[in-house]
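> Give me coordinates for this.
(3 chains)
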Amino acid sequence: MARMSVVDAQASGLPRWLLLKIGGMVLTMIAVSFLVFSVLELNVDDVAVKVLGQFSTADQRAAWLQEGGYNAPFLLRYLRWLGHFITGHWGNSTYYREDVLTLIAPRLAASGLLAGAALLVIVPVGLALGVIAGVREGSVVDRLVSVFAIVTTSIPEFASAVFLTSLFVFWLSWLPGVSTMADGFHLRELVLPVSVLTLYSAGYIARMTRSSMIQVMQSPYIRTARLKGNSMRRVILRHALRNALITPVTVIMLQIPWLLSGVIVVEVFFAYQGFGTLLYQAALNTDIDLIEACTMVSVAVVVTTQVASDLLYAWLNPRMSFR
Amino acid sequence: MKALTRPTAATGALLVGGWLLVALLSRVLAPYDPLHSMIPLMTPGARGPDGAVFWLGTDALGRDVLSRLIYGARTVIVVATAATLTAYAVGMGTGLLAGYFRGRVDTVLSFFANVILSFPVLVLYIVIIVALGASAANVVLAVTFGSAPAIFRIVRAITIDLRSRDFIAAAIIQGESTWRILLVEILPNSSGALVVDFCLRLGYSAITMGVLGFLGLGLPPPTPDWGGMVNEGRTMAFAFPHLVLFPCVALSSLVLGLSLLADGLREPAGRLRRVG
Amino acid sequence: MTILSVEGLTVALPQGADRPLAVDQASLELRQGEILCIVGESGSGKSALSGAIMGAPAPGLKVVAGSVRLGDQELTGLSEREWCRIRGRRIAMIFQEPMAALNPAIPVAAQIMEVFELHARMSHAERHERALALIRAMQLPDPERIAASYPHQLSGGQCQRVIIAMALAMSPEVLIADEPTTALDVTTQAQVLKLIRELRTAHGHAILFITHDFGVVAEIADRIAVMRHGRIVEMGAARRVLTQPEHPYTRELLAAVPSLVPPASPEPVAAADSPSHPVLTVTGLQKKYGRVRAVNEISFDLERGTTLSIVGESGCGKSSLARLIVRLAEPTAGRVEVNGKCFLSLRGRELRASCRAVQMIFQDPFGSLNPLRRVGAVIARAAVLAGADRRTARDRATELIDRVGLPREALDRRPAAFSGGQKQRIGIARALAMNPDVLIADESLSALDASSQAQILELLRKLQKELGLAILLITHDLRVAAQISQRIAVMQGGRIVEIGSAEQVINSPGHPYTRELLESAPGRGLV
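Numbering: from 1, shown residues only, chains lettered A, B, ... in the order given. Here you go, the predicted structure:
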């Protein structure tokens, strides 16, 4: 496409820009790791209590702390942990009694599947609703879409899970109430979790797309396009969409971090064996190593998505250069 | 005030006002003590032994759902408001400073905000609650941490925009002190956008409390908490849907009211073009 | 031969507007090979008229009566479908803000080619060829590069030429130009106007040109129509309307256009008892952004009671210069002396005490006042900052409101209640509350109508006489400079290329750039 020529001309700026962004990512990850480690392991006594239980004696705890090297100064412990973490030694889960890294990987994949399926529905629905509402600003359709968006973004995921379950599982018995996938993969078990995730997110995307569309439709170049003799349909398809969708597309990328949050609630509700339920169990059982690892992984996903989103935005918006 | 006459804002105000009243008059409205156990798992509308009606039924521990719902409103409104106000104090203060002075102050503050914003929100809450324990104060702390960076960004953006306006330049040229510029010139001109955001954030805080309660990480029992009620009733929901439906409806209606109010208070977009 | 005839066209405004009709019974005729200029101030309805002719009125506006005939086809009441065949092919329109009027995501050649896609049967290669030919015809250098460029990679003038090329692609019978040069520099404007004149002469296009600038009108119009409050109050041959206007409003508008002829040596005020050294001295002032020198070794004096205008086009650094003098930005080199004392080295409390000496009024009336504060409070606060106590400050505010010619009630109102010209007066009152020695006016007249401009100029002249104020006027408009300044400095690329008395700079310019500026001033010699 013609756009590539612009990017090529600024290609010299791209590697530098990427380097800066990746540098920022690394810095952020280090700051995050420090934050997480401090919050969870600053007070060694708390750690001992959490791991050994409330009824452990002071002696037992002291012995365990000595053994685990917890009496070293804080900074040293942090650096030791960070070193282990970078080299892939993520510790052991006290609850599952397994190596954390091998524990997380399949769960992450399962959540990825859920989030991916959700995105497949969210993106077309959200964009379509937003474009239609934006083009017909002020009409009945617009008001309906706006109200729909406000309503769905006001209902927390667990509440919409309750509502949908009451309707489709309790009352109509159309769908299963849990999604453990105990005996292999069943699409039916994905329907409710995906629907819950979609409801909230699609409404949000619809609103963003709508306001972007409205703003674009008021631009001078849309007027030019119309006065050239373009029919309204052509104006929208050829001129408006191309510019109006830049922001929503990048916003969609930024929904991935949001989905990481939403997926926790949904998985817990429907007993889906994914990353969310893993973190949930870790939290309930103060499984420190697992919590630390899960947190680092989630943050890594968020940070990578943010950089990818910036990249996408710069690629789509011809006015941006990688300076 | 004129804005409140618009249908969306009016509906929102009604919903929010309604729940506010419920929270204020909880002692009067609630038929029973929310912590008092009576007959477990009564269906909505059933009569108790002394003839009184359990309008919304009772939960697994025999407590009246309606009373718990009413007191839960108080819990949510108090904690969510406290949390949002704290978040605003932090976010607004830092946002103003970062947006006005830019430079190193901005770089440092923005870095911190970005670090916190790299956490998926729920993960952040989980880490904080696990580390500090579950209590109302910690929920407030968690929400503050979660919301302050976003507020920081909004206030910073508004401040940067306002700072470039000529009336700020005029104040600077006339030797006006920085404090006065921030408080008298910049802050009042951002209030419109911030009021809208405040309403929305109140809603998010309420949702957060609900989610934390649902995950069992919220306020410790037996405090009546809508999210906690859903968590407790989840396992029996198939047979006793009233245990989970009513708290969900309550929370959704409160947040919906806040969202509608926020939307109604927004500056009208797309004004008519002037005749040229 | 009449190409376009408009009869009794009436366009209604939506409910709640300040008048019921945007356009009230407008009638005009446009003939082949002529340029008809529609002149009027903002709010006169001229843009509404052009929108209505194209069948695309602004949102909220509605055509309620009248007829528009293109050749022998009636245009009012056409369906959207039929309009799509006429727009771009038989009537085309260009308007303000050229860069914003092009799709930022599509290279310009493709946008020109789209016109051919819509109205002609051509192969892709042919369309591309024709687009290139059009770009060449617009006298744009390096046509291939321009064709492949995106709008943000071109200058405002280049964008406008691309838009003109797009409009003329199908050789429409009528071209409507709605303020096409208002957003352009004066030299660029001169080139575009020349281009439009050639289109009329060489190709016989019929052009409807809408503007508020009488200088532009004088430059290119064959016939003129004057609009006010939606009505056409006068129409006739250009020469006649300009030299013998009949309607009082036309006369008023013409009188408001500042003449390029400086008035007979305006006396510098308070020459007798002023100290011998100038009130403001700038030496070697410089501002670098990276490698770019926005302000490059600027030096000049400003005497008490005189006006020095700094004239230049956008990007020459004149606004940066103003900001450096009032210390909104810090220079990278140079000295600024106010009343003999070094101004740049002042800090903190000292600065606050001395800053009253140099005050500023701004370009955009809408952004220069805090929308939430009452006018009286703003002026009184300025007086307090200058050292007055509360009560004295309030009296001062009243005194200043009188001085700038606004009613006392203004003190209790908020800025939204005032027009652009009135807001500028408030800005002047605010600046005067500090008893400044120097008043810097940074393009303070650019956003105003010609009549408001004339009034503010008069006010500034009066204040200078009464208070012995030294005025540094930053402007791009040579006419304004000619009318109020004793001396004029011409700025280009961060440097002052010429400085001298107003008469000398205008009547016998030394530097080629000054000459170019003078020649580009539209309507020179006619208005």
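
> Settle this for me: A:Ile291 is touching A:Ala282, isn't it.
Yes - here A:Ile291 reaches A:Ala282: they are 4.7 Å apart, a contact under C-beta atoms under 8 Å. Where you see a C-beta, it was placed from the backbone N, CA and C, and this is true even at glycine.

> Spatially central residue in the chain, please.
As the question left the chain open, I've gone with chain A. Central residue of chain A (C-alpha atoms, centre = their mean): A:Pro257, 2.0 Å from the mean position.

> oops, I was thinking of chain C
So for chain C, C-alpha atoms, centre = their mean, it's C:Ser446, sitting 4.9 Å from the centre.

> what about it, is that helix, strand or coil?
coil (DSSP: H, G, I helix; E, B strand; the rest coil).

> how many neighbours does C:Ser50 have?
The tally of other residues near C:Ser50 (other C-beta atoms under 10 Å in any protein chain shown) stands at 23.

> On the three-state scheme, it is what?
Following three-state DSSP, C:Ser50 is assigned to helix.

> any idea what sits nearest C:Gly510, other than its immediate chain neighbours?
Nearest non-adjacent residue to C:Gly510, counting by C-beta to C-beta, 6 or more residues apart in numbering or on different chains: C:Glu498, 5.5 Å away.

> Any chance you could list what contacts the helix or strand hosting B:Val123?
Here B:Val123 sits within helix B:121-132, counting by DSSP states H and E. Residues outside helix B:121-132 that contact it (C-beta atoms under 8 Å, 6 or more residues apart in numbering or on different chains) are A:36, A:39-40, A:46, A:258, A:260-262, A:264-265, A:279, A:283, A:286, A:291, A:294-295, A:298-299, B:116, B:119, B:138-139, B:141-143, B:145-146, B:208, B:211-212, B:215, B:217.

> for that helix, which positions count as buried?
Within helix B:121-132, the residues that count as buried by 16 or more other C-beta atoms under 10 Å in any protein chain shown are B:Val121, B:Leu122, B:Val123, B:Leu124, B:Tyr125, B:Ile126, B:Val127, B:Ile128, B:Ile129, B:Val130, B:Ala131.

> now swap in stretch A:105-121 and tell me
Going by 16+ other C-beta under 10 Å, stretch A:105-121 has these buried residues: A:Arg107, A:Leu108, A:Ala110, A:Ser111, A:Gly112, A:Leu114, A:Ala115, A:Ala117, A:Ala118, A:Leu119, A:Val121.

> For the residues you listed, name the two members farthest from one another.
Pairwise distances among those were taken by C-beta to C-beta; the largest, 22.2 Å, belongs to A:Arg107 and A:Val121.

> Low-confidence bits of the stretch 201-323 of chain A, can you list those?
A:320-323 (pLDDT under 70).

> how about the residues of it that lie near chain B?
Residues of the stretch 201-323 of chain A lying close to chain B (C-beta under 8 Å from any C-beta of the partner chain) are A:211, A:214, A:218, A:257-258, A:260-262, A:264-265, A:268-269, A:279-280, A:283-284, A:286, A:291, A:294-295, A:298-299, A:301-303, A:306.

> Give me the mean pLDDT for the longest helix seen in chain A.
Ranked by number of residues, the top helix in chain A under DSSP state H is helix A:100-135. Throughout helix A:100-135, pLDDT has a mean value of 90.

> One more: stretch B:221-238?
87.

> How about it and chain A, touching?
Yes - applying C-beta under 8 Å from any C-beta, one finds stretch B:221-238 touching chain A at B:Gly227, B:Val230, B:Arg234, B:Ala237, B:Phe238.

> Closest one of the residues you listed to C:Ala100?
Nearest to C:Ala100 among the residues of stretch B:221-238 next to chain A: B:Gly227, at 48.9 Å, using C-beta to C-beta.

> isn't the closest one right next to B:Ala250, touching?
No - look at B:Gly227 against B:Ala250 with C-beta under 8 Å: they stay out of range, at 10.6 Å.

> pLDDT score for the residue of the stretch 401-527 of chain C found nearest chain B?
Going by C-beta to the nearest C-beta, chain B is nearest to C:Met434 of the stretch 401-527 of chain C, at 6.1 Å. Listed pLDDT for C:Met434 reads 91.

> Okay, now the unreliable bits of the stretch 1-150 of chain A?
A:1-12, A:43-46, A:50-51.

> Okay, helices next: where are they in it?
Taking DSSP state H, counting those that start in this stretch, the helices of the stretch 1-150 of chain A run over residues A:3-9, A:13-41, A:44-52, A:58-67, A:74-86, A:100-135, A:140-154.

> likewise the stretch 51-200 of chain B?
Counting by DSSP H, counting those that start in this stretch, the helices of the stretch 51-200 of chain B are B:65-101, B:103-117, B:121-132, B:136-163, B:166-173, B:178-180, B:187-214.

> can you redo the ones you listed as a markdown table with mean pLDDT?
Conversion of the helices of the stretch 51-200 of chain B to a markdown table gives the following (pLDDT from 0 to 100):
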| stretch | mean pLDDT |
| --- | --- |
| helix B:65-101 | 93 |
| helix B:103-117 | 93 |
| helix B:121-132 | 89 |
| helix B:136-163 | 91 |
| helix B:166-173 | 93 |
| helix B:178-180 | 90 |
| helix B:187-214 | 91 |
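
> Just send these back as CSV, with distance to C:Ser320 too.
Below are the helices of the stretch 51-200 of chain B laid out as CSV (distance: least, C-beta to C-beta, whole Å):
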stretch, distance to C:Ser320
helix B:65-101, 21
helix B:103-117, 20
helix B:121-132, 44
helix B:136-163, 17
helix B:166-173, 13
helix B:178-180, 23
helix B:187-214, 26
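
> Surely B:Leu29 touches B:Leu69?
No - assessed by C-beta under 8 Å, B:Leu29 is found out of contact with B:Leu69, at 10.0 Å.

> Look at those two and report which has more neighbours.
Each of B:Leu29 and B:Leu69 has its neighbours counted (other C-beta under 10 Å); B:Leu69 has more, 24 against 16.

> How much space separates that one from chain A?
14 Å (C-beta to the nearest C-beta, to the nearest Å).

> ok, that residue - contacts?
Residues near B:Leu69 by C-beta under 8 Å, 6+ apart: B:Leu56, B:Pro224, B:Trp226, B:Met229, B:Phe246, B:Pro247, B:Ala250.
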